[in-house]
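Undergrad: Pasting a predicted model and its sequence here:
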Amino acid sequence: MADSSDKREGRQSKRRTRSRRHNPDGTMTLIEHIYEFRRRLGYALLAIVAGGILGFLWFSNRVGPIPSLGDIVTGPYCAIPPEQRFPKEGPCQLLQTVPFEAFMIQLRVGLTAGAVMFAPVWLYQLWAFIAPGLYSKERKYALTFVGFASVLFAGGALLAYLMVPHALELLTSFGGGEFATWFTGDRYISFVLSLLLIFGVSFELPLLIVMLNRVGVVRYEMLKKWRRGIIFLLFVFAAFVTPADPFSMIALAGALTVLFEFALQLTRLHDRKLDRRRADEGWDKLADDEAAPFNYTPSTADEEPPARPSAAANTDDIT
């Protein structure tokens, strides 16, 4: 009886250590950080494995009106005109050249889909591990960053999926009627997933620009001066990372240009607001070698430190 009571008190003590209500500073010992990391990592892996199992089952089965994951993945390949595919008649199928290739493809695609479906779960575990060490303003920016990053990545992956059929149709049209296309499952899935990843990661560019502007690394005037060069580099980047077809390159370069211009306008608004505030405070008139007008009086060693806020005053419980 005493042992169970001690274990219960130990678990409650650990919860208080992780809780903002009982631990406003989020302080932990090194071993507590390791235990917390292990716990959060375990939950994240369990979420990914559970999503992978559902994705594996979804690969061959429809979910109501939603087509199977296999149909979604092979959709761009099956959109190629039948006269360019092999076999020209019969169902649209990929080619398996080694044993268990189909199983490994289904497992890989299922894990990828499961990681995407359960992204809120493992992203929350990552957030819950980092958040206790952040201030409230930093937590607000981090949540905003994660939210917009997820939306931009999904938008880029969706655009890539829409462009894949056009890219495949153009790439398989070379050679006249001397060639017929029959992709192996492994090569085709790698091609599609890599293209989705490239588009998704590329769409994080405007968010990166805005965050660098927020922390003062780049300003609107600097980006405006480099605008033409940056747009040119965006087209060069799109030409290198996409297949050798104009549809994917123009789609990626055009989307990145629009997103860059949108991010540029956000930096302009932010810098204008920051300059207005500096002007109101008189900071813009200070010379580089002039001291800032801080109203700060250092405390002496005899003065008592400020009282630590009570646990009841802070009810922000992250976990």
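TA: Thanks, I have the structure now. Just so it is clear, the structure is predicted and the values come from calculations on it, not from any experiment.
Undergrad: Figure out how far stretch 117-137 is from the centre of its chain.
TA: Taking C-alpha atoms, centre = their mean, to the nearest Å, one finds the center of stretch 117-137 at 13 Å from the center of the full chain.
Undergrad: pLDDT (mean, whole number) over it?
TA: Average pLDDT, stretch 117-137: 78.
Undergrad: let's have the chain start at 3 instead
TA: Sounds good: first residue 3 from here, last item stretch 119-139.
Undergrad: Okay, buried residues for the strand or helix carrying Ala151 please.
TA: Per DSSP states H and E, Ala151 falls inside helix 138-173. Within helix 138-173, the residues scored as buried using 16 or more other C-beta atoms under 10 Å are 141, 147-148, 151, 154-155, 158-159, 161-163, 165-171, 173. Where C-beta positions appear, they are placed from N, C-alpha and C, glycine not excepted.
Undergrad: Show the subsequent helix or strand relative to that helix.
TA: Criterion used, DSSP H and E; the element after helix 138-173 is helix 187-204.
Undergrad: For the helix holding Ala151, name the packing helices and strands.
TA: helix 71-80, helix 121-132, helix 187-204, helix 207-216, helix 248-283 (3 or more C-beta pairs under 8 Å, 6 or more residues apart in numbering; DSSP states H and E).
Undergrad: Can you name every helix or strand that the longest one contacts?
TA: Read that as helix 248-283. helix 138-173, helix 187-204, helix 207-216, helix 222-227, helix 229-243.
Undergrad: That one: how far from the chain's middle?
TA: Computed by C-alpha atoms, centre = their mean, the separation of helix 248-283 from the middle of its chain amounts to 19 Å.
Undergrad: Could you tell me the angle between it and helix 229-243?
TA: 150 degrees (axes from the mean of the first three to the mean of the last three C-alpha atoms, to 10 degrees).
Undergrad: follow-up on the earlier one: any chance of the helices and strands packed on helix 248-283 in JSON lines, plus distance to Thr31?
TA: Shown next, in JSON lines, are these (distance: least, C-beta to C-beta, whole Å):
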{"stretch": "helix 138-173", "distance to Thr31": "22"}
{"stretch": "helix 187-204", "distance to Thr31": "36"}
{"stretch": "helix 207-216", "distance to Thr31": "32"}
{"stretch": "helix 222-227", "distance to Thr31": "44"}
{"stretch": "helix 229-243", "distance to Thr31": "45"}
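Undergrad: now do the same end-to-end measure for stretch 113-125.
TA: By C-alpha to C-alpha, to the nearest Å, the extent of stretch 113-125 from end to end equals 16 Å.
Undergrad: Buried residues, that stretch. List them.
TA: So, applying 16+ other C-beta under 10 Å, buried residues of stretch 113-125: Leu113, Thr114, Ala115, Gly116, Ala117, Met119, Phe120, Ala121, Val123, Trp124, Leu125.
Undergrad: And stretch 86-100, by the same measure?
TA: Across stretch 86-100, burial judged by 16+ other C-beta under 10 Å covers Gln86, Arg87, Leu96.
Undergrad: State the distance spanning the first to the last residue of it.
TA: Stretch 86-100: ends 24 Å apart by C-alpha to C-alpha.
Undergrad: What mean pLDDT does that stretch get?
TA: Stretch 86-100 comes out at a mean pLDDT of 80.
Undergrad: For it, give me every contacting residue.
TA: 76, 79-80, 84, 104, 171, 174-175, 182-188, 190 (C-beta atoms under 8 Å, 6 or more residues apart in numbering).
Undergrad: circling back: Leu254: which of the helices and strands packed on helix 248-283 is closest?
TA: helix 229-243 (4.2 Å; C-beta to C-beta).
Undergrad: Next, the buried residues of that closest one.
TA: Ile232, Leu236, Phe237, Phe239, Ala240, Val243.
Undergrad: can you state the direction angle for that helix and helix 187-204?
TA: 170 degrees.
Undergrad: elements contacting helix 229-243?
TA: Using 3+ C-beta pairs under 8 Å, 6+ apart, helix 229-243 is in contact with helix 187-204, helix 248-283.
Undergrad: Can you lay out those as TSV showing mean pLDDT?
TA: Formatted as TSV, the helices and strands packed on helix 229-243 follow (pLDDT from 0 to 100):
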stretch	mean pLDDT
helix 187-204	87
helix 248-283	87
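Undergrad: tell me the most buried of these?
TA: Of all those, helix 187-204 carries the top mean neighbour count, a mean of 19, counting by mean count of other C-beta atoms under 10 Å.
Undergrad: can you state the direction angle for that helix and helix 138-173?
TA: Taking the same axes, to 10 degrees, one finds helix 187-204 and helix 138-173 inclined to each other by 140 degrees.
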